[in-house]
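A.B. asks: coordinates for the following, if possible.
(2 chains)
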Amino acid sequence: MLKRKIEKEVRDIVNALWENEIKDFDFKGFKVEIPDERFGEFSTNIAMLLARPLKIKPLEIAKKIVHNLNEKDDLFENIEIAGPGFINFSLKKDVYIESLKNILRLKKEYGRKKPLGKKVQLEFVSANPTGPLTVGHGRQAIIGDVLSKVFKEEGYEVTTEYYFNDAGRQMDLLAQSLWVRYNQFFEKNLDIPEDGYHGDYLKELAKGLASKFKRDYVGKWNEEIKEIFKEMAKDSMFKIIKSTLRRLGVQFDVYFNEKSLLEDGTVDEVINLLKSKNLVYEKDGALWFKVSEFVDEDDKVLIRSNGIPTYFMTDIAYHYNKFKRKFDRVYDIWGADHHGHIPRMKAAMKALGIPDDFFNVILHQFVTLKKEGKEVKMSTRKGEFVTLDELIDSVGVDATRYFFAMIDPNTHMIFDMDLAVSKSNENPVYYVQYAYARIKSLFRKAVEKGITYKEEENLEFLCTIPQEKLLIRDLDLFDEILEDTLRDLAPNKLTNYAEKLVAKFHNYYTDNIILDIENKELSNARLNLCKGMEIILSRVFDILGISKPEKM
RNA sequence: GCGCCCGUAGCUCAAUAGGAGAGAGCAUCGGAUUUCUAAUCCGAGGGUUGGGGGUUCGAGUCCCUCCGGGCGCGCCA
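C.D. replies: Numbers count the residues shown, from 1 in each chain, chains lettered A, B, ... in the order given. Model prediction:
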């Protein structure tokens, strides 16, 4: 990593120059950055940071550092001081060529870290099987899927998990709603309960049941029949959900049923633990957890007066279960509507003696759909929503995935479907993929033109123009982008990177002839650079889960 | 009322854990293919980063305050 190399050089010089004066200086805020192109290839802010502790003007400090760095003539081509005290660097072409060589050798391993021996779990989507996945679930699925892949790249052992509840009131309502639809099929005039599920998807299912059961359950409703309809509903809903996820290329290692926490005694175990620590009490016939002992929030009910545990209760048990499964950290991906749940959960974790950094939440803001210029108000119950499947039908898997990945999870996202459908060719995903297709095409064309690709040969012909240096510099950056993505838990770092990288490539392609029969050495050198680009793009696309088109 | 998130070009979004004239795409206008894919490239217009204070050598980014929007504040999940 080139940045690291420069960072080390600068740090060593600074330490050598002012060893005694900067004992307390922690280098916090010290950075080697990619500056605006007019300032060179790399830049650092060290001189400004040292001004205060050293009580010397930044420009003086910079001068001194530069003077000493200049001795390092195997790395730096040029060093300049500019503005308030920035030190700007450009590197020797050999440094870049070595960097490209490294990428060419490592190929798909480039940027992949050695196993850390750390286990993390990402839990997301976790929709109960009451209907098809919505666009909001899609956003969550993609954020989770991409981040889980980045965790793997960074050396973590990753488990992806889908948590669901197929008991409870929601499922009862679903069963009843389905039964009504079934009855309606035989023109039995019944209405779906107001808080039931009104979506058309139950009609489809009811049709199937009608031909299977004939009139057996028409007008008849009891516990037994409810269970039958519930099972039917659950199975077919999961079938739909899983097929949507499969389409999107999102896979879960574990589907975890909330019910198991009651069955295997985890819930009881947690209650007993809390009781033993004197952190629960009874009031109004219910069992309460002393949330207020830990955070500035009201106490919450764990067991309702009717004896049924609350969602909060089972969620604590679930996370206790996760902890017992020896994950070092877990990440829950939640919609913004659940943010109020976070302090309570943190309190519970603390109460159970689970380390602070174990439980983490990645919150994402809502997705608003715009269709025919109007906002679509979405409600699962009323069946007023555009399903994730419908979205995929409209814009395709690549665009769906890319679009969700490209926006900061913390930003409200407005998805204009009309634009996505009618202008699908202008979607950024095509811009990025086109670069890949162009490279593929170049290698096909090279064969036609009789230019034989020889890897790692003729590289000395590269980097005679600034564009090539900058391209390699940016390829070299991939490693760090992965780290940044994980640090910020923001998949959009990757799409940003891809777009900037590809923009440079499109420019390079336009300005230069890659395949020149008159100059086969240069052509081969440039093909090597293209190969490096292909390797990095391939890495990025695999993580984003978008396809790698040979031609477009 | 209290809490969390957000407010950046006409629209959708970026902006490298505070860094140097705030950038893309779409939309508008004007250019570039006898040569490797024009799903590309080049150029123009478009901004007091919601307003106002503060911290800092430096603020879209941090702090305070006001305005506007989203979401929470259940013995729902």
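A.B. asks: check which helix or strand A:I535 maps to.
C.D. replies: helix A:520-544 (DSSP states H and E).
A.B. asks: who does that helix touch, helix- and strand-wise?
C.D. replies: On a contact count with 3 or more Cβ pairs under 8 Å, 6 or more residues apart in numbering; DSSP states H and E, helix A:520-544 meets helix A:93-106, helix A:135-153, helix A:397-405, helix A:428-449, helix A:466-476, helix A:478-488, helix A:492-511. Where C-beta positions appear, they are placed from N, C-alpha and C, glycine not excepted.
A.B. asks: ok, now which ones touch A:A286?
C.D. replies: Going by Cβ atoms under 8 Å, 6 or more residues apart in numbering, A:A286 touches A:301-305.
A.B. asks: by neighbour count, which of the residues you listed wins?
C.D. replies: A:L302 (22 neighbours; other Cβ atoms under 10 Å).
A.B. asks: mind checking the SS state of that one?
C.D. replies: Secondary structure assignment for A:L302 (DSSP: H, G, I helix; E, B strand; the rest coil): strand.
A.B. asks: could you find the closest non-adjacent residue to it?
C.D. replies: The spatially closest residue to A:L302, leaving aside those adjacent along the chain, is A:M313, at 4.2 Å (Cβ to Cβ, 6 or more residues apart in numbering).
A.B. asks: tell me how far that neighbour lies from A:Q184.
C.D. replies: Distance of A:M313 to A:Q184, given as Cβ to Cβ, to the nearest Å: 37 Å.
A.B. asks: so where's chain A shaky on pLDDT?
C.D. replies: Scanning chain A for pLDDT under 70 picks out A:72, A:372-373, A:377-384, A:422-426.
A.B. asks: rewinding a little: as a markdown table, the contacts of A:A286 with distance to RNA strand B would be great.
C.D. replies: Below are the contacts of A:A286 laid out as a markdown table (distance: Cβ to the nearest atom of the strand, whole Å):
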| residue | distance to RNA strand B |
| --- | --- |
| A:V301 | 3 |
| A:L302 | 9 |
| A:I303 | 8 |
| A:R304 | 3 |
| A:S305 | 4 |
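A.B. asks: max pairwise distance over those: which two?
C.D. replies: Farthest apart among the contacts of A:A286 by Cβ to Cβ are A:L302 and A:S305. That separation is 11.6 Å.
A.B. asks: returning to what we had before: so between A:M313 and A:Q184, which is more surrounded?
C.D. replies: A:M313 (24 against 17).
A.B. asks: break chain A down into its domains, please.
C.D. replies: In the domain annotation for chain A, the residue ranges read A:2-91, A:97-112+A:426-544, A:168-248 (automatic domain parsing).
A.B. asks: redo those domains as a markdown table? Include distance to A:K370.
C.D. replies: A markdown table is the format used below for those (distance: least, Cβ to Cβ, whole Å):
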| stretch | distance to A:K370 |
| --- | --- |
| domain A:2-91 | 35 |
| domain A:97-112+A:426-544 | 16 |
| domain A:168-248 | 21 |
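A.B. asks: now render the helices and strands packed on helix A:520-544 as CSV, adding mean neighbour count and distance to RNA strand B.
C.D. replies: Putting the helices and strands packed on helix A:520-544 into CSV (neighbours: other Cβ atoms under 10 Å; distance: least, Cβ to the nearest atom of the strand, whole Å) gives the following:
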stretch, mean neighbour count, distance to RNA strand B
helix A:93-106, 18, 17
helix A:135-153, 24, 11
helix A:397-405, 24, 8
helix A:428-449, 17, 3
helix A:466-476, 21, 11
helix A:478-488, 18, 6
helix A:492-511, 18, 4
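A.B. asks: with respect to A:R247, which of those lies nearest?
C.D. replies: Closest approach to A:R247 among the helices and strands packed on helix A:520-544 is made by helix A:397-405 (6.3 Å; Cβ to Cβ).
A.B. asks: doesn't A:R344 fall inside a helix?
C.D. replies: Yes - looking at A:R344 with three-state DSSP, it is inside a helix.
A.B. asks: neighbours of it, how many?
C.D. replies: By other Cβ under 10 Å, neighbour count at A:R344 equals 20.
A.B. asks: what's near enough to touch it?
C.D. replies: A:291, A:295, A:297, A:300, A:312.
A.B. asks: will you turn those residues into CSV that also has neighbour count, secondary structure and distance to RNA strand B?
C.D. replies: Shown next, in CSV, are those (neighbours: other Cβ atoms under 10 Å; DSSP: H, G, I helix; E, B strand; the rest coil; distance: Cβ to the nearest atom of the strand, whole Å):
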residue, neighbour count, secondary structure, distance to RNA strand B
A:V291, 21, helix, 11
A:V295, 13, coil, 10
A:E297, 13, coil, 8
A:K300, 19, strand, 7
A:F312, 17, helix, 6
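A.B. asks: pull the most distant pair out of those.
C.D. replies: Greatest spacing in the contacts of A:R344, by Cβ to Cβ: A:V295 and A:F312 (13.7 Å).
A.B. asks: enumerate every residue touching the closest residue to RNA strand B within the stretch 301-450 of chain A.
C.D. replies: For the stretch 301-450 of chain A, the residue positioned closest to RNA strand B under Cβ to the nearest atom of the strand is A:G340, at a distance of 2.4 Å. The contact partners of A:G340, by Cβ under 8 Å, 6+ apart, come to none.
A.B. asks: cool, A:A167 as well?
C.D. replies: Contacts for A:A167 (Cβ under 8 Å, 6+ apart) come out as A:258-259.
A.B. asks: switch the cut-off to 10 Å
C.D. replies: Neighbour list for A:A167: A:128, A:230, A:234, A:257-259, A:262, A:308 [criterion: Cβ atoms under 10 Å, 6 or more residues apart in numbering].
A.B. asks: close to RNA strand B, is the strand ranked longest in chain A?
C.D. replies: Of all the elements of type strand in chain A, the one with the most residues (DSSP state E) is strand A:156-164. No - Strand A:156-164 is not in contact with RNA strand B by Cβ under 7 Å from any atom of the strand; minimum separation 8.8 Å.
A.B. asks: now do the buried residues in that strand.
C.D. replies: Buried residues in strand A:156-164, counted by 16 or more other Cβ atoms under 10 Å: A:156, A:158-164.
A.B. asks: from A:M413, how far off is A:L173?
C.D. replies: A:L173 is 29 Å from A:M413, by Cβ to Cβ.
A.B. asks: repeat for A:Y255
C.D. replies: Counting by Cβ to Cβ - A:Y255 and A:M413 are separated by 27 Å.
A.B. asks: how about A:I392?
C.D. replies: From A:I392 to A:M413 the distance is 16 Å (Cβ to Cβ).
A.B. asks: what about the nearest residue to A:K203 once chain neighbours are set aside, which helix or strand?
C.D. replies: In space, and not counting its chain neighbours, A:K203 is closest to A:R181: 5.5 Å by Cβ to Cβ, 6+ apart. Element membership for A:R181 (DSSP H and E) is helix A:168-185.
A.B. asks: the helix or strand following that helix to helix A:168-185, inter-axis angle?
C.D. replies: Moving toward the C-terminus from helix A:168-185, the next helix or strand (DSSP H and E) is helix A:201-213. Counting by axes from the mean of the first three to the mean of the last three Cα atoms, to 10 degrees, helix A:201-213 lies at 70 degrees to helix A:168-185.
A.B. asks: circling back: separate out the buried members of the contacts of A:A167.
C.D. replies: A:128, A:230, A:234, A:258, A:262.
A.B. asks: okay, and which of those residues map to helices?
C.D. replies: Using DSSP state H, A:230, A:234, A:262 are the members of those that sit in helices.
A.B. asks: kindly reformat these as JSON lines containing distance to A:D94.
C.D. replies: Shown next, in JSON lines, are those (distance: Cβ to Cβ, whole Å):
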{"residue": "A:K230", "distance to A:D94": "69"}
{"residue": "A:K234", "distance to A:D94": "63"}
{"residue": "A:L262", "distance to A:D94": "65"}
